[in-house]
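>>> need a 3D model of the sequence below.
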Amino acid sequence: MQKIDLKKELKHLYQPSAKEVVQVDVPTFRFLMIDGEGDPNTSQKYAEAVEALFSVSYAAKFMMKKGAHGIDYAVMPLEGLWWSDDMSSFAANDKSKWKWTMMIMQPDFLEEAVIRAAIAEVKRKKALAAIDSLRLEKFAEGSCAQILHIGPFSEEGPTIQRVHDFIGARSALAGKHHEVYLSDIRRADPAKWKTIIRQPME
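Numbers count the residues shown, from 1 in each chain. Modelled structure (predicted):
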């Protein structure tokens with residue numbers, strides 16, 4: 001059976017170094033997405049959004065593995081776009097005013113019909129509050145700067161500043177603050193959490 005790991009195939013995007021900020025070109029990918037707002041540490045809607053994203057992503061994976069396709073692939077990591085209408089509250093870490101789009105990339109070979117079937121199956125098996133808020137959408141970022149942050153989310157500040165300084169020396173910030181969560185935070189030591197910090201640039 002064919003086994004695909006897009007994180008390895010897209011190593012330059014999903015396995016960056018923690019030593020230096022690099023510039024990358026991020027092509028158009030398809031994502032299951034869900035929008036919300038509020039502190040991710042305390043928001044019930046955030047927890048429901050993440051559960052719906054992973055439930056459908058894994059349901060689609062198993063459909064592809066068991067069905068006629070016979071393709072086994074690794075589900076991609078959770079990603080988040082973060083912003084605030086008042087960016088001073090974002091800079092001040094006032095998470096209650098944060099807005100977010102949580103998302104998981106879906107492989108190109110995964111047909112939309114399979115994703116819709118996966119959503120229907122999850123709806124049938126689980127009463128997930130956020131399931132009807134999911135959408136499948138293409139997302140293109142283009143030119144970005146990124147680096148790997150190792151450690152808890154609360155210590156990302158200096159890493160984010162390095163990315164902003166890198167961009168400031170070459171161009172200007174564009175788009176939304178983007179994070180890719182490579183670790184299972186339920187199991188991993190916070191000191192070893194791996195998070196890609198990515199920022200689009202003009």
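>>> got the CA positions of the longest helix anywhere in the chain in CSV?
Taking DSSP state H as the criterion, the chain has its longest helix at helix 44-66. Output of helix 44-66 as CSV, limited to C-alpha atoms (Å, rounded to 0.1, in the frame of the first residue of the first chain):
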residue,chain,number,x,y,z
GLN,A,44,-14.9,26.0,24.3
LYS,A,45,-15.4,27.0,20.7
TYR,A,46,-11.6,26.6,20.0
ALA,A,47,-11.6,23.1,21.5
GLU,A,48,-14.7,22.2,19.5
ALA,A,49,-13.1,23.5,16.3
VAL,A,50,-9.9,21.5,16.7
GLU,A,51,-11.9,18.3,17.5
ALA,A,52,-14.0,18.8,14.3
LEU,A,53,-10.9,19.4,12.2
PHE,A,54,-9.1,16.3,13.4
SER,A,55,-12.2,14.1,13.4
VAL,A,56,-13.0,14.8,9.7
SER,A,57,-9.3,14.7,8.6
TYR,A,58,-8.8,11.2,10.2
ALA,A,59,-12.2,10.0,8.8
ALA,A,60,-11.1,11.0,5.3
LYS,A,61,-7.7,9.3,5.8
PHE,A,62,-9.3,6.0,6.8
MET,A,63,-11.7,6.2,3.9
MET,A,64,-8.8,6.5,1.5
LYS,A,65,-6.9,3.7,3.1
LYS,A,66,-9.8,1.2,3.2
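>>> show me the residue sitting in the middle of the protein in space.
E79 (0.9 Å; C-alpha atoms, centre = their mean).
>>> for that one, give me the pLDDT.
Confidence at E79, expressed as pLDDT, is 98.
>>> residue contacts, it?
E79 makes contact with 31, 102-105, 178-181 under the criterion C-beta atoms under 8 Å, 6 or more residues apart in numbering. Glycine gets a C-beta too; all of them are placed from N, C-alpha and C.
>>> quick one: it from R162, how far?
20 Å (C-beta to C-beta, to the nearest Å).
>>> returning to that earlier point: just the contacts of E79 now: which is nearest L53?
For these, the minimum distance to L53 (C-beta to C-beta) is 5.0 Å, reached by I104.
>>> in which helix or strand would I find that closest one?
I104 is located in strand 99-106, with elements delineated by DSSP states H and E.
>>> please apply the same query to V24.
Using DSSP H and E, V24 falls in strand 22-26.
>>> I197 now?
strand 194-200.
>>> ends of stretch 35-43, how far apart?
For stretch 35-43, the first-to-last residue distance is 13 Å (C-alpha to C-alpha, to the nearest Å).
>>> please apply the same query to stretch 14-33.
18 Å.
>>> now do the buried residues in it.
14, 16, 21, 24, 26, 29-33 (16 or more other C-beta atoms under 10 Å).
>>> one more: stretch 169-184?
Buried, per 16+ other C-beta under 10 Å, within stretch 169-184: 175-182.
>>> among these, which two are most distant?
Checking those with C-beta to C-beta, the most distant pair is G175 and L182, at 20.7 Å.
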